[in-house]
Each structure stands twice: as C-alpha cells, then as structure tokens.
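Student: below are the sequence and a predicted model; questions follow.
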Amino acid sequence: MRVVSLVPSLTEAVAVTAPGLLVGATDWCTHPAGLAAARIGGTKNPDVPAVLALRPDLVVANEEENREPDLAALRAAGTEVLVTEIRTLDQAFEELDRVLVTACGLARPRWLDEAEAAWAELPPPRAPRRAIIPVWRRPWMVLGRDTFAGDLLARLGVENVYAGHAERYPRIPLDVLGAAGADLVVLPDEPYRFTADDGPEAFPALPAALVDGRYLTWYGPSLVRAPAVLRAALR
C-alpha cells in the first residue's frame with residue numbers, strides 16, 4: 001500500500017507503525033526523524049500534481065489542517081482521501097484506529113494502547129486553574145471552543161477561559177486577555193514559537209507555563225508521553 005499524509009501527526013503515526021508505507025508527506029512533517037518520504041508542499045498548499053505522481057492508494061488528511069479544494073482535486077483525479085476530525089482525545093484514539101487499522105489494514109499498534117492507558121491512568125485533577133492559551137501573536141489568537149489541545153488541558157485540570165467562545169481560535173486583544181480572570185497563561189511553542197523571552201512578558205500578572213506544542217497538539221505516538229510531559233510543564 002502507498003500512503004501520502006497531509007498531516008504531521010498522522011505522518012508520524014503511519015511511519016512509526018509501518019515504516020515504508022508512507023511515500024509522501026508535507027514539508028511540516030518533522031517526525032519521525034530521518035523520514036524518507038517525498039515532500040509535497042505544505043498542509044494548506046500541497047502540490048496536488050506531485051501527490052498524484054506518487055500514485056497513492058490513500059491520502060490521509062484532516063478537516064482542520066487541510067483545505068477542501070485540495071482534497072476535492074485529489075478525489076476528482078480518482079484518489080481515495082480519508083479525512084479525519086479530531087477535536088477531543090477520544091476522537092483522536094478513534095480516528096487513529098480508523099486510519100491505521102481500518103484504512104491501512106495494519107495491526108493495532110502497541111503505542112496506541114499505551115497512549116490510551118497513559119491518559120486513563122491520570123489521577124483526578126485538582127481544583128481547575130483558569131487559563132488563557134495563546135497560539136499566535138500579532139494578532140493575539142487563543143484556543144476557543146472544541147479544540148483537541150483544550151480537551152487535553154481540561155483532563156490535566158486546566159480550564160480554558162475561552163472554551164465557550166463562538167470561535168475555535170478567536171482573536172482577542174491583549175488588554176482583554178489580561179482582564180479575562182485567568183490564573184495562568186499556557187504558551188505552546190507551535191504554531192507560534194513562544195519562548196521564555198517571547199510571550200510571558202505580555203502577561204506580567206500571571207504565571208506562565210511553557211509547553212512543548214507537539215505534546216499538546218499532535219495526535220499520534222507523542223500521546224504516550226504527553227500526560228507526563230504536560231503535567232511537568234504545568235507544575
């Protein structure tokens with residue numbers, strides 16, 4: 001079987017489970033290290049002719065990360081496209097099983113069972129801390145409703161102040177963020193690369209937790225270590 005992945009998380013999931021199955025991946029697919037698959041552009045602007053030239057049996061995509069016109073062009077050319085929707089941890093486990101087992105015909109990987117167990121074994125969270133979770137600045141954007149990262153944080157005892165917002169990634173002025181009544185600001189290093197010198201200074205009244213964005217936003221083998229890594233960062 002020949003698979004092209006348009007999603008970094010799914011690229012890692014397929015490549016770790018069945019090395020050699022993946023023939024194409026985006027320029028943003030950084031894991032696993034040393035991936036030999038052909039590069040076919042970005043998640044938002046894949047080179048459709050390059051994807052078709054790889055003669056894939058399956059293209060795996062995501063409704064948030066990829067654009068429908070690109071997926072429609074692939075389907076029009078006769079290529080099978082599997083589009084995932086992942087807005088919660090439970091959805092992530094279901095969709096990973098659908099991609100790897102149902103669509104690719106692989107045995108369920110051990111890492112997927114280990115990931116489910118790692119999250120199931122989390123102790124009950126203490127009293128939740130209210131947080132704002134920026135994902136971009138200039139302009140400031142934060143996690144809103146129905147996000148995978150928001151669900152992970154909720155399981156770790158972090159309540160997203162903007163979880164009830166009408167938008168999934170609302171733009172909120174900095175002065176409004178500062179007055180939102182948060183106890184904490186969570187700053188991931190992707191998609192915007194927040195660092196100790198770029199981000200915390202905008203919220204001088206709040207403690208800042210710098211977190212590895214891969215463990216907060218990727219759904220794949222990283223989910224095995226994510227509970228421990230994120231808990232340590234939040235402490």
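Tutor: All right, it came through fine.

Student: not counting sequence-adjacent ones, nearest residue to V99?
Tutor: Nearest residue to V99 in three dimensions, chain neighbours excluded: V60, at 5.6 Å (Cβ to Cβ, 6 or more residues apart in numbering). All C-beta spots, glycine's among them, are computed from the backbone N, C-alpha and C.

Student: buried stuff in stretch 101-120?
Tutor: A103, C104, P109, W111, L112, A115, E116, W119 (16 or more other Cβ atoms under 10 Å).

Student: and the fifth one, that one's in a helix?
Tutor: Yes: according to DSSP: H, G, I helix; E, B strand; the rest coil, the state of L112 is that of a helix.

Student: so what's it up against?
Tutor: By Cβ atoms under 8 Å, 6 or more residues apart in numbering, the contact set of L112 is F93, L96, D97, L100.

Student: for the third one, report the pLDDT, please.
Tutor: The reference is to D97. pLDDT for D97: 98.

Student: that one: which element?
Tutor: helix 89-97 (DSSP states H and E).

Student: which other helices and strands contact that helix?
Tutor: On a contact count with 3 or more Cβ pairs under 8 Å, 6 or more residues apart in numbering; DSSP states H and E, helix 89-97 meets helix 110-120, helix 148-155.

Student: save those helices as a markdown table, and put in distance to V4 and mean pLDDT too.
Tutor: What follows is the helices and strands packed on helix 89-97, written out as a markdown table (distance: least, Cβ to Cβ, whole Å; pLDDT from 0 to 100):
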| stretch | distance to V4 | mean pLDDT |
| --- | --- | --- |
| helix 110-120 | 21 | 98 |
| helix 148-155 | 22 | 97 |
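
Student: out of those helices, which comes closest to L187?
Tutor: Closest to L187 of these is helix 148-155 (Cβ to Cβ; 12.0 Å).

Student: give me the next element, helix or strand, following the closest one.
Tutor: Downstream of helix 148-155 (by DSSP H and E), the next one is strand 158-160.

Student: next helix or strand past that following strand?
Tutor: According to DSSP H and E, the helix or strand after strand 158-160 is helix 174-178.

Student: let's verify A15: helix, strand, or coil?
Tutor: Applying three-state DSSP: A15 is helix.

Student: so how far is L21 from it?
Tutor: Distance of A15 to L21, given as Cβ to Cβ, to the nearest Å: 8 Å.

Student: ok, now Y192?
Tutor: In terms of Cβ to Cβ, Y192 sits 32 Å off from L21.

Student: who wins for most neighbours among the contacts of L112?
Tutor: Highest neighbour count within those, by other Cβ atoms under 10 Å: L96, with 27 neighbours.

Student: that residue contacts A13, correct?
Tutor: Yes: contact criterion Cβ atoms under 8 Å: L96 and A13 qualify, at 5.8 Å.

Student: now for those two: what residues contact both?
Tutor: Common neighbours of L96 and A13 are listed as Y219, G220 (criterion: Cβ under 8 Å, 6+ apart).
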